[in-house]
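Participant: sequence and predicted structure are below.
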Amino acid sequence: MSDKPEWERPDDDTDDRAPNGSRDRPPYPGWSAEQPPGQGWTSPAQRSHPQQQSGWTAPDQQSAWTAPGQQSWQTPGYTGAQQPDQPPPLGNPPTQPTGWGAPAWAPPPPVKPGVIPLRPLGVGEILDGSVTTIRRNPGPMLGLSAVVAIIVQLIGLFASWLMFRDLQALEELSPTATPAEVLGVFSGTFGVFGVMALVSWVATVILTGILTVVVSRAVLGQNITAGQAWAMARPKLPKLLLLTLLYSLIAATPGIGYTVIIAVAVATGAGEGLIGLAILLALAALVLSVWLYVRYALASPAFMLESTAGRHTGEPARPIGIGKAFRRSAELVTKSWWRVFGILILVWIVAFIVSAVVDQLFSVPLYFFADLSDPESFTSFGALTLSALGGIVSTTITAPFLAAAVALLYIDRRIRREALDVELARAAGVTIPGRTDQPPPMQ
């Protein structure tokens with residue numbers, strides 16, 4: 001079936017004749033030799049009711065013409081434009097009756113069982129789908145994010161309080177204090193911040209994996225609870241932590257290599273006068289890190305959502321491995337690196353703006369109640385608490401948005417390369433007009 005089916009007129013009745021009962025040539029080019037009766041065209045269902053008003057009507061008394069696989073094109077009834085016994089002159093095209101509008105030649109509405117239409121997605125549809133997923137699944141999307149944000153921010157609040165307390169203790173040290181004494185003052189702060197970073201990283205990875213499962217169900221129009229999402233994601237979470245760690249190391253490898261080279265050059269004295277070369281190496285390391293980050297950005301959703309067939313007949317499908325997830329991400333990003341990069345940058349910019357706005361809203365009370373002449377009033381326990389509350393709210397909003405956007409970007413890439421929309425439609429129990437199981441050309 002073509003994407004734009006032609007508008008076909010209903011078949012003529014073989015018993016109809018021209019008003020004079022003869023089979024003369026058509027009154028003008030393009031008309032069928034089989035002309036309707038003198039009292040106007042009527043549908044087959046109306047011929048048994050002569051008392052109905054004459055005019056053009058669609059079959060089965062519907063004022064619409066339907067092309068195969070398309071929505072109905074509504075057309076007004078043809079009444080009063082021509083007298084029934086006065087057809088248009090020979091050789092002249094039919095004139096459009098007064099009041100008729102152009103037929104609405106429009107494609108059918110997209111098939112959308114869930115939060116996105118089952119077709120290649122635009123950037124706006126990815127962003128809208130992310131927000132819609134949060135709105136339709138507030139429990140797992142916002143609830144789990146809030147739990148993670150509260151845990152991380154409470155640890156951060158304690159670490160910040162320790163840090164400012166240590167700063168006050170640092171002021172009491174003598175100017176001749178040794179580096180060991182300075183490090184001893186901040187030892188507790190460094191330890192708490194290290195614990196905070198570790199907990200934040202683990203919690204974020206686990207949260208991302210769970211939210212990816214929620215998004216995959218929302219695409220099919222299914223809403224699941226936080227408990228169901230946890231049960232579905234839990235078996236894969238340990239390996240997801242390892243995958244994310246490897247992903248972070250891969251993206252940071254150029255920067256680590258650059259740091260080692262500069263450190264060795266400084267230690268051996270070979271780096272003197274090579275500032276320009278060092279800058280070029282820094283730029284090269286940055287570009288390579290960004291390229292690797294984008295190339296493997298879809299490894300996490302691929303690992304959570306894909307599986308491979310069992311080795312033996314009847315064996316259930318098995319999750320893909322970590323190496324396969326990285327290869328799948330590279331395959332999906334190939335030939336579309338710049339588009340994936342642009343969407344990821346846009347998503348991060350949106351998340352940053354939202355986070356900044358929320359943090360500013362929670363910092364406004366400080367300007368009314370804090371003593372502007374005393375900098376320490378901005379580091380009091382109350383000020384730190386307000387900052388933590390702002391962090392909880394901003395993380396609760398941005399974390400599910402980022403996870404949903406990356407998951408939908410992964411789905412979009414699979415739709416464009418592998419016709420995943422056909423499989424999604426089959427899973428959702430819907431049909432995509434004009435689509436077959438043949439995948440589209442690779443994009």
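Facilitator: Received the coordinates, thanks.
Participant: please enumerate residues in contact with stretch 423-430?
Facilitator: Stretch 423-430 has contacts (Cβ atoms under 8 Å, 6 or more residues apart in numbering) with V111, P113, G114, L118, V219, L220, G221, I411, I415, T431, I432, R435. Placement of C-beta: from N, CA and C, glycine included.
Participant: cutoff 10 Å now
Facilitator: Under the criterion Cβ atoms under 10 Å, 6 or more residues apart in numbering, residues 111-114, 116, 118, 216, 219-222, 411, 414-415, 431-432, 435, 437 lie in contact with stretch 423-430.
Participant: restricted to helices, list those residues.
Facilitator: S216, V219, I411, R414, I415 (DSSP state H).
Participant: where does the chain dip in pLDDT?
Facilitator: Applying pLDDT under 70 to the chain flags residues 1-107, 165-189, 270-273, 310-315, 368-380, 435-443.
Participant: in it, which spans are strands?
Facilitator: For the chain, the strands defined by DSSP state E cover 64-66, 72-74, 307-308, 318-319.
Participant: surely S355 is in contact with S394?
Facilitator: Yes: here S355 reaches S394: they are 4.1 Å apart, a contact under Cβ atoms under 10 Å.
Participant: which of these two has more residues huddled nearby?
Facilitator: Between S355 and S394, counting by other Cβ atoms under 10 Å, S394 is the more crowded of the two (22 against 17).
Participant: contact partners for that one?
Facilitator: By Cβ under 10 Å, 6+ apart, the contact list for S394 reads A149, Q153, A351, F352, V354, S355, A356, V357, V358, D359, L361, F362.
Participant: likewise A284?
Facilitator: Neighbour list for A284: P254, Y258 [criterion: Cβ under 10 Å, 6+ apart].
Participant: how far away is M141 from G390?
Facilitator: 20 Å (Cβ to Cβ, to the nearest Å).
Participant: of the two, who's got more company?
Facilitator: Set side by side, M141 and G390 show more neighbours around M141, with 29 against 20, by other Cβ under 10 Å.
Participant: look up the closest residue to the more buried one, ignoring the ones flanking it.
Facilitator: Spatial nearest neighbour of M141, excluding adjacent residues (Cβ to Cβ, 6 or more residues apart in numbering): P400 at 4.1 Å.
Participant: give me the neighbour count for that neighbour.
Facilitator: 29.
Participant: was I right to think P235 contacts P319?
Facilitator: Yes: shown here, P235 and P319 form a contact pair, counting by Cβ under 10 Å, at 7.7 Å.
Participant: looking at these two, which one has more neighbours?
Facilitator: More crowded of P235 and P319, by other Cβ under 10 Å: P319, with 16 against 9.
Participant: my read: that one touches K239, true?
Facilitator: Yes: taking Cβ under 10 Å as the definition, P319 is a contact partner of K239 at 7.9 Å.
Participant: what touches both of these two?
Facilitator: Any residue near both P319 and K239 by Cβ under 10 Å, 6+ apart counts here, and that gives F303, M304, A325.
Participant: looking at those, which is nearest L274?
Facilitator: Using Cβ to Cβ, A325 comes nearest to L274 of the shared contacts of P319 and K239, at 39.6 Å.
Participant: setting aside sequence neighbours, what's the nearest residue to the closest one?
Facilitator: Nearest non-adjacent residue to A325 (Cβ to Cβ, 6+ apart): F303, at 3.8 Å.
Participant: repeat that for L366.
Facilitator: For L366, ignoring the flanking residues on the chain, the nearest one in space by Cβ to Cβ, 6+ apart is A383 at 5.6 Å.
Participant: that neighbour: neighbour count?
Facilitator: Counted with other Cβ under 10 Å, A383 comes out at 19.
Participant: and it, how far is that from R295?
Facilitator: Counting by Cβ to Cβ, the gap from A383 to R295 is 42 Å.
Participant: what do you get for I224?
Facilitator: Separation of I224 from R295 (Cβ to Cβ): 31 Å.
Participant: ditto for V364
Facilitator: 41 Å.
Participant: neighbour count: the two, which is higher?
Facilitator: R295 (20 against 9).
Participant: shouldn't L220 be in contact with V213?
Facilitator: No: using Cβ under 10 Å, L220 is not in contact with V213; the gap is 11.8 Å.
Participant: okay, those two: which has more neighbours?
Facilitator: Using other Cβ under 10 Å as the criterion, L220 and V213 rank with V213 on top: 23 against 16.
Participant: wait, the more buried one touches G227, no?
Facilitator: No: using Cβ under 10 Å, V213 is not in contact with G227; the gap is 11.9 Å.
Participant: what's near enough to touch the closest residue to S289 other than its chain neighbours?
Facilitator: Nearest residue to S289 in three dimensions, chain neighbours excluded: P254, at 4.7 Å (Cβ to Cβ, 6+ apart). Shown in contact with P254 (Cβ under 10 Å, 6+ apart): L281, A282, A284, A285, L286, V287, L288, S289, V290, W291, L292.
Participant: select only the buried ones of the residues you listed in ChimeraX?
Facilitator: Typed into ChimeraX, the line below selects the buried ones among these, using 16 or more other Cβ atoms under 10 Å:
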select :281,285,288,289,292
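Participant: so which of the contacts of P254 are in helices?
Facilitator: Members of those lying in helices (criterion: DSSP H): L281, A282, A284, A285, L286, V287, L288, S289, V290, W291, L292.
Participant: closest one to I206 out of the residues you listed, please.
Facilitator: Of all those, I206 sits closest to L292, with 23.4 Å by Cβ to Cβ.
Participant: surely that closest one and L246 touch.
Facilitator: No: contact criterion Cβ under 10 Å: L292 and L246 do not qualify, at 11.4 Å.
Participant: picking that back up, surely the residue nearest to L366 meets S363?
Facilitator: Yes: under the criterion of Cβ under 10 Å, A383 makes contact with S363 at 8.4 Å.
Participant: how about stretch 244-252 as PDB, C-alpha atoms only?
Facilitator: Extracted C-alpha coordinates of stretch 244-252, given in PDB (Å, rounded to 0.1, in the frame of the first residue of the first chain):
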ATOM      1  CA  THR A 244      29.000   2.600  33.200                       C
ATOM      2  CA  LEU A 245      32.400   2.500  34.900                       C
ATOM      3  CA  LEU A 246      34.100   1.200  31.700                       C
ATOM      4  CA  TYR A 247      32.200   3.900  29.700                       C
ATOM      5  CA  SER A 248      33.500   6.600  32.000                       C
ATOM      6  CA  LEU A 249      37.000   5.300  31.800                       C
ATOM      7  CA  ILE A 250      36.800   5.100  27.900                       C
ATOM      8  CA  ALA A 251      35.600   8.700  27.700                       C
ATOM      9  CA  ALA A 252      38.200   9.900  30.200                       C
END
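Participant: can you list the buried residues in that stretch?
Facilitator: For stretch 244-252, using 16+ other Cβ under 10 Å, the buried residues are T244, L246, Y247, I250, A251.
Participant: show residues contacting it.
Facilitator: Residues outside stretch 244-252 that contact it (Cβ under 10 Å, 6+ apart): 201-202, 204-206, 208-209, 256, 259, 285, 288-297, 299-300, 303, 322-323, 325-326, 329.
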